[in-house]
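Visitor: have a look at this prediction, sequence included:
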Amino acid sequence: MENKNYQIEIPERFYCDADGKPFENCQVCGKYLLDEGTSYVIEKALKNYEGYDFYSTIFEYAICTECHMTLQSGMSKESMNNLQRYYMQVMLGKGNQPLVIDLNNFDLNNWLSKCFFTDDLVGDMKEYQVVAQFNGSKMALNTPPIIVGEAAMESMSELLSNQTIDEMNRFKQEFFGPDPEFEEIISGKKLILI
């Protein structure tokens with residue numbers, strides 16, 4: 001069970017773009033997500049427009065923890081090991097940097113202003129992904145939300161096996177369809193399902 005002290009109301013930046021409301025159902029199985037005790041992940045891929053203070057959503061989805069685990073189980077052991085090593089290298093590089101949220105001084109916009117892996121600023125990126133965990137109608141902060149920038153996506157995509165890329169392509173085709181911008185991300189092997 002999530003610690004309620006480490007939860008906040010769902011920020012609007014994690015609402016569904018289509019209706020401007022919190023996601024209600026799992027993209028995969030249709031499970032209702034807003035009941036207390038229902039754990040899920042929201043992931044959005046965003047595109048900045050150079051010279052403008054504007055971004056658009058390339059894709060977004062909410063997926064319950066059970067379906068997320070099933071999706072991750074489709075990744076090859078090689079890919080999982082490579083991604084875990086990459087994550088551990090990043091964590092070692094962070095050294096003594098605080099990785100927990102101080103709720104007394106928490107500013108979501110500041111927290112999500114740079115890539116978790118590279119520290120590149122969001123405003124300097126062409127594309128990035130934002131990922132967070134939720135429990136019913138709350139964002140769970142015991143696993144902080146993160147930004148995955150384009151440089152990190154490139155690095156991680158090079159660590160994926162063909163089996164994992166095929167599984168991500170299957171997931172994309174089944175649940176998102178052939179959106180041109182999304183297809184570009186897949187073809188470039190930049191989609192990383194966290």
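Guide: Nice, I can see it. Numbers count the residues shown, from 1 in each chain.
Visitor: helices of this protein, start to end?
Guide: Remark: helices assigned in the chain by DSSP state H are 65-73, 77-94, 108-111, 150-157, 162-175, 180-187.
Visitor: select, out of these, the one closest to residue 136.
Guide: Across those, residue 136 has its closest neighbour in helix 65-73 (12.1 Å, CB to CB). C-betas here are computed from N, CA, C, even on glycine.
Visitor: in TSV: the helices of the chain, plus mean neighbour count and distance to residue 138.
Guide: What follows is these, written out as TSV (neighbours: other CB atoms under 10 Å; distance: least, CB to CB, whole Å):
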stretch	mean neighbour count	distance to residue 138
helix 65-73	15	14
helix 77-94	13	25
helix 108-111	12	13
helix 150-157	18	27
helix 162-175	16	25
helix 180-187	14	29
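Visitor: which of those sits closest to residue 128?
Guide: For residue 128, the closest of the helices of the chain is helix 150-157, at 6.2 Å, according to CB to CB.
Visitor: check which helices and strands the closest one is in contact with.
Guide: The contact analysis (3 or more CB pairs under 8 Å, 6 or more residues apart in numbering; DSSP states H and E) places helix 150-157 against helix 77-94, strand 127-135.
Visitor: which of those has the lowest average pLDDT?
Guide: Confidence, taken as mean pLDDT, is least for helix 77-94 of the helices and strands packed on helix 150-157 (a mean of 88).
Visitor: quick check: angle from it to helix 162-175?
Guide: Inter-element angle recorded for helix 77-94 and helix 162-175: 100 degrees (by axes from the mean of the first three to the mean of the last three CA atoms, to 10 degrees).
Visitor: list of residues touching helix 77-94?
Guide: Applying CB atoms under 8 Å, 6 or more residues apart in numbering, the contact partners of helix 77-94 are 72, 99, 116-117, 155-156, 159-161, 163-164.
Visitor: same question for stretch 61-70.
Guide: Contacts for stretch 61-70 (CB under 8 Å, 6+ apart): 16, 23, 25-29, 31, 33, 38-43, 71, 134, 175-176.
Visitor: please name the residues that touch the spatially most central residue of the chain.
Guide: The centroid of the chain falls nearest to residue 131 when counting by CA atoms, centre = their mean (2.5 Å). When contacts are counted by CB under 8 Å, 6+ apart, residue 131 touches 41-44, 145-146, 148, 194.
Visitor: let me have the residues you listed in a markdown table, extended by neighbour count and distance to residue 81.
Guide: Shown next, in a markdown table, are the contacts of residue 131 (neighbours: other CB atoms under 10 Å; distance: CB to CB, whole Å):
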| residue | neighbour count | distance to residue 81 |
| --- | --- | --- |
| 41 | 21 | 21 |
| 42 | 24 | 26 |
| 43 | 21 | 22 |
| 44 | 19 | 27 |
| 145 | 21 | 25 |
| 146 | 18 | 20 |
| 148 | 23 | 19 |
| 194 | 16 | 16 |
